[in-house]
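[1] Make a model of this:
(chains A and B)
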Amino acid sequence: MTYAFFNATFFDQAVLGITPILLAAMAGTLSERVGLFNIALEGQMLVGAFAAVAGSHFGGSLQAGVLSAVAAAVVFSSLLAVGSALLRGNDIVIGISLNLLAAGLTSFLLRTLFGVSGTFSDSAMLGLPRLSIPGVASLPLLGSALGHQNFLVYFSWILVAAITVFLNRTPWGLRLRGIGEQPAAAVALGADATRYRFLVTLLGGALCGLAGLQLSLGSLTLFSENMTAGRGWIAVAAVMLGRARPLAVAASCVLFGLSDALGLRLQGEGLPNQITDSAPYVVTLAALVIAGLRQRRLTGAVT
Amino acid sequence: MRIAAGVRSHLSRRVAPLLPIVGAVAVGFGVCGLIALWVGLSPSLMFRQLLQGAVEGPQLFETVARAVPLVGMTLAAAIPLRAGIVNLGADGQLALGGCAAAIVALYFPAPDLVRLGMALAAAMVVGACYAALAAAGEILAGVPLLLSTWLLTYPAKGLCGYLVRTPLRDPSTAWPSTARIAVGARLGHLIPGTPVNQGFLLIALVAIAVIFLDRHSSMGFELRLRGLNERFARYGGVALNRQTLGVMIASGAIAGLVGAIMVLGSQFRYTDGALTAPQYSWSGTLAALLAGGEPVGSVIAAVLFAALQTGGFAMERSVEIPRVLTMVLQSVIILFLAMRGAIWKRA
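    Numbering: from 1, shown residues only, chains lettered A, B, ... in the order given. Take a look at the predicted model:
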């Protein structure tokens, strides 16, 4: 095999890195469009990742893992829905406490349910199976990355298209955007803002649950404490960069996934992993700064 | 009669704002009791262990020792919070500060006492500069501090982790850590025979300064003004950008100082992850939120949370309930308060 810096493994890693961020970022996009600032993506993902492993371990099947990941994250997000959508509490404070609650709760349950701290893995546990798309999977270089992945990877991209159509081409999408942009006007026209915000938050919880599922059962089959490692926050950054337009948000997620894979690749070249692990965060920050500076130049904003 | 009524209304004005906090604390304990029941443990035994472990005999000094870094991290969170700004990057500032303190205390060629002073100063400068980076991002490019501070913690922790694994590594230990700092360049014991070190005095000084400036200086007034109503503060002539920068520098310097105190006062070397493992920035943020950024309340909340953490250790030892439950308790309290709209009404 000839040496290539950007090899098939690189693109495979990139797609694996993109998927959880993309799912969470779609949850964030919907929240943003309905006028809620959802910074609890990280915590919801972590709950989903834990529940996926717990469900698959105690339920004995992959289906149980998928179901419990989604169910647990939805239940967890209902705290946000009640606090933020229903009671109109401060979404930043609620988000911060939910993220910390998720970290504490999953660590606590890891110790009480599995009797371990740090990492739990179980060799009997099944990961999400990879499905090959005939024709695509056999392409050189990109074949495995694009055509030989688990269903969540394909689902995440279908979701981007579905949300684009939903927001821009359906009456519900129009109302949702209206509530986010001009709540008073939308309510005057008969849209129930609270109900929309409530349901969007729960749907976001389900998507974050899937994001967590991808993290713990997607390519590995384990749960480790704080395994989300800031991916929820990167998703928040992606929503900001893409200004809550699904396609642009997805493009930002691709950028972060590539930088994640680049970090891993550089580690393979012998760079210390403490440094290369920082790549996605540094790229995210750089992208935010560049986008911010451009925005300032275009609008000539003064502060 | 009128005096009695006056006293009553004065009392109710002072007490009424505390009621939601008391309610939230009660809910937090209730939820944790239920969790204990659910995993098959006795809640009453758990709470007794928690209390005894926090205040009984020598444990009280453990609580005081733990309160020193926690009060520091709480103030680091409270100062920005007072103006409605959130600094989620205290962990990175803490790690960089601790690492800088270790480097100076180990390698700076000067007499011991000078080296100690330089180490403390270096930690504060490094912490402040790193926090200022996030402030610059918001001022110059509009990158929200909430995001940038959090994201900046990862490279900071990564850099320190790299430094103590490769160039600064002490090969005589199994851990990724620096060499041991000489006795003369350490912060000594404050109360002999207890884990309380001279860092107590430094943090007490910082706390007094923060409380005084908050109440009696125009800086403190402008800070509170912004927290109450940012637009009003702007029209009132508060230079918001300069304030953001100043607030972040103060916050980062305190976080860096806490890192130095932990390294110079109790650990005597910088070990990868050892400063962030006790999750003081976690508890500090929650304690500051509990008090809405008001400094005296924040210090009180921090001491209570320190007692909770110390008690958590005792609880884990004696009844085998993981002490991370105390973290759950802290976040449930804040969650409940925020849901009731008792902290920071929606803008």
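
[2] When you work out contacts or count neighbours from here on, use the C-alpha atoms and nothing else.
    Will do.

[3] now could you export just the CA positions of the strand or helix carrying residue A:79 as PDB?
    Counting by DSSP states H and E, the element that carries residue A:79 is helix A:62-80. Extracted C-alpha coordinates of helix A:62-80, given in PDB (Å, rounded to 0.1, in the frame of the first residue of the first chain):
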ATOM      1  CA  LEU A  62     -29.100  -3.300  20.300                       C
ATOM      2  CA  GLN A  63     -32.700  -2.300  19.900                       C
ATOM      3  CA  ALA A  64     -33.000  -1.900  23.600                       C
ATOM      4  CA  GLY A  65     -30.000   0.300  23.500                       C
ATOM      5  CA  VAL A  66     -31.400   2.500  20.800                       C
ATOM      6  CA  LEU A  67     -34.700   2.900  22.500                       C
ATOM      7  CA  SER A  68     -33.300   3.700  25.900                       C
ATOM      8  CA  ALA A  69     -30.900   6.200  24.500                       C
ATOM      9  CA  VAL A  70     -33.700   8.100  22.800                       C
ATOM     10  CA  ALA A  71     -36.100   7.700  25.700                       C
ATOM     11  CA  ALA A  72     -33.600   8.800  28.400                       C
ATOM     12  CA  ALA A  73     -32.500  11.800  26.400                       C
ATOM     13  CA  VAL A  74     -36.100  12.900  25.800                       C
ATOM     14  CA  VAL A  75     -37.000  12.500  29.500                       C
ATOM     15  CA  PHE A  76     -33.900  14.600  30.300                       C
ATOM     16  CA  SER A  77     -34.700  17.200  27.800                       C
ATOM     17  CA  SER A  78     -38.200  17.500  29.300                       C
ATOM     18  CA  LEU A  79     -36.500  19.300  32.200                       C
ATOM     19  CA  LEU A  80     -35.300  21.900  29.700                       C
END
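
[4] same for the next helix or strand after that helix, what does it pack against?
    Reading on from helix A:62-80 to the C-terminus, the next helix or strand found by DSSP H and E is helix A:91-114. When contacts are defined as 3 or more C-alpha pairs under 8 Å, 6 or more residues apart in numbering or on different chains; DSSP states H and E, helix A:91-114 sits against helix A:41-59, helix A:62-80, helix B:280-290, helix B:325-339.

[5] Please tabulate these in JSON lines, including the columns distance to residue A:282, mean pLDDT and mean neighbour count.
    Listed next are the helices and strands packed on helix A:91-114 as JSON lines, based on distance: least, C-alpha to C-alpha, whole Å; pLDDT from 0 to 100; neighbours: other C-alpha atoms under 10 Å in any protein chain shown:
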{"stretch": "helix A:41-59", "distance to residue A:282": "18", "mean pLDDT": "94", "mean neighbour count": "29"}
{"stretch": "helix A:62-80", "distance to residue A:282": "28", "mean pLDDT": "95", "mean neighbour count": "23"}
{"stretch": "helix B:280-290", "distance to residue A:282": "22", "mean pLDDT": "92", "mean neighbour count": "28"}
{"stretch": "helix B:325-339", "distance to residue A:282": "29", "mean pLDDT": "89", "mean neighbour count": "26"}
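
[6] what's the closest of these to residue B:138?
    Closest approach to residue B:138 among the helices and strands packed on helix A:91-114 (C-alpha to C-alpha): helix B:280-290, 20.4 Å.

[7] what's the angle between that closest one and helix A:91-114?
    Taking axes from the mean of the first three to the mean of the last three C-alpha atoms, to 10 degrees, one finds helix B:280-290 and helix A:91-114 inclined to each other by 130 degrees.

[8] Briefly note if the following helix or strand past helix B:280-290 comes near chain A.
    Following helix B:280-290 in sequence order, the next helix or strand is helix B:295-319 (DSSP H and E). No: for helix B:295-319, no contact with chain A is found by C-alpha under 8 Å from any C-alpha of the partner chain; the gap never falls below 11.3 Å.

[9] Any figure for the gap between the closest residue in space to residue A:209 that isn't next to it in sequence and residue A:227?
    Leaving aside its sequence neighbours, residue A:209 sits nearest to residue A:48 (C-alpha to C-alpha, 6 or more residues apart in numbering or on different chains; 4.1 Å). According to C-alpha to C-alpha, to the nearest Å, residue A:48 stands 11 Å off from residue A:227.

[10] now residue B:65
    Separation of residue B:65 from residue A:227 (C-alpha to C-alpha): 30 Å.

[11] do residue A:118 as well
    From residue A:118 across to residue A:227, the span is 10 Å (C-alpha to C-alpha).

[12] Tell me the secondary structure of residue B:322, please.
    State at residue B:322, reduced to three classes by DSSP: H, G, I helix; E, B strand; the rest coil: coil.

[13] Can you pull the phi/psi pair for it?
    Residue B:322 adopts backbone torsions of phi -50, psi 130, taken as degrees, to the nearest 10.

[14] Quick one: residues contacting it.
    Taking C-alpha atoms under 8 Å, 6 or more residues apart in numbering or on different chains, we find residue B:322 in contact with A:108, A:111-112, B:312, B:315-316.

[15] Please apply the same query to residue A:170.
    If a contact means C-alpha under 8 Å, 6+ apart, then residue A:170 has no contacts.

[16] Kindly report the same for the one 10 residues further on.
    By C-alpha under 8 Å, 6+ apart, residue A:180 lies in contact with A:32-36.

[17] where does chain B come near chain A, residue by residue?
    Contact residues (C-alpha under 8 Å from any C-alpha) of chain B with chain A: B:39, B:137, B:140-143, B:147-148, B:150-152, B:154-155, B:158-159, B:161-162, B:282, B:286, B:289, B:322, B:324-325, B:327-328, B:331-332, B:334-335, B:338-341, B:343-347.

[18] Okay, now the unreliable bits of the stretch 201-347 of chain B?
    Confidence mapping of the stretch 201-347 of chain B against pLDDT under 70 gives the ranges B:341-347.

[19] quick one: contacts for the residue nearest the centre of chain B?
    Most central in chain B under C-alpha atoms, centre = their mean is residue B:73, positioned 1.7 Å from the mean C-alpha point. Neighbouring residues of residue B:73 by C-alpha under 8 Å, 6+ apart: B:90, B:254-255, B:258, B:280-281, B:284-285.

[20] Let's see that with 6 Å instead.
    Residues near residue B:73 by C-alpha atoms under 6 Å, 6 or more residues apart in numbering or on different chains: B:255, B:281, B:284.

[21] Repeat that for residue B:298.
    Residue B:298 makes contacts with B:287-288, B:291, as judged by C-alpha under 6 Å, 6+ apart.

[22] Export these to TSV and append columns for distance to residue A:40.
    Below are those laid out as TSV (distance: C-alpha to C-alpha, whole Å):
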residue	distance to residue A:40
B:287	19
B:288	19
B:291	22
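
[23] Sort out which one of those residues lies nearest residue B:47 for me.
    Comparing the contacts of residue B:298 against residue B:47 with C-alpha to C-alpha places residue B:287 closest, at 20.0 Å.

[24] which residues touch the closest one?
    By C-alpha under 6 Å, 6+ apart, the contact set of residue B:287 is B:298, B:301-302.

[25] again, only using 7 Å
    B:74, B:298, B:301-302 (C-alpha atoms under 7 Å, 6 or more residues apart in numbering or on different chains).

[26] if I look at the closest residue to residue A:276 other than its chain neighbours, how far off is chain B?
    Distances taken as C-alpha to C-alpha, 6+ apart put residue A:263 closest to residue A:276, at 4.6 Å, once the chain neighbours are dropped. Look at residue A:263 and chain B: by C-alpha to the nearest C-alpha, to the nearest Å, they are 12 Å apart.

[27] can you pull out the strands in the stretch 101-250 of chain A?
    A:119-121, A:130-132, A:148-150, A:222-224 (DSSP state E, counting those that start in this stretch).

[28] on that earlier part again, so the residue nearest to residue A:209 makes contact with residue A:73?
    Yes: look at residue A:48 against residue A:73 with C-alpha atoms under 7 Å: they come within range, at 5.2 Å.
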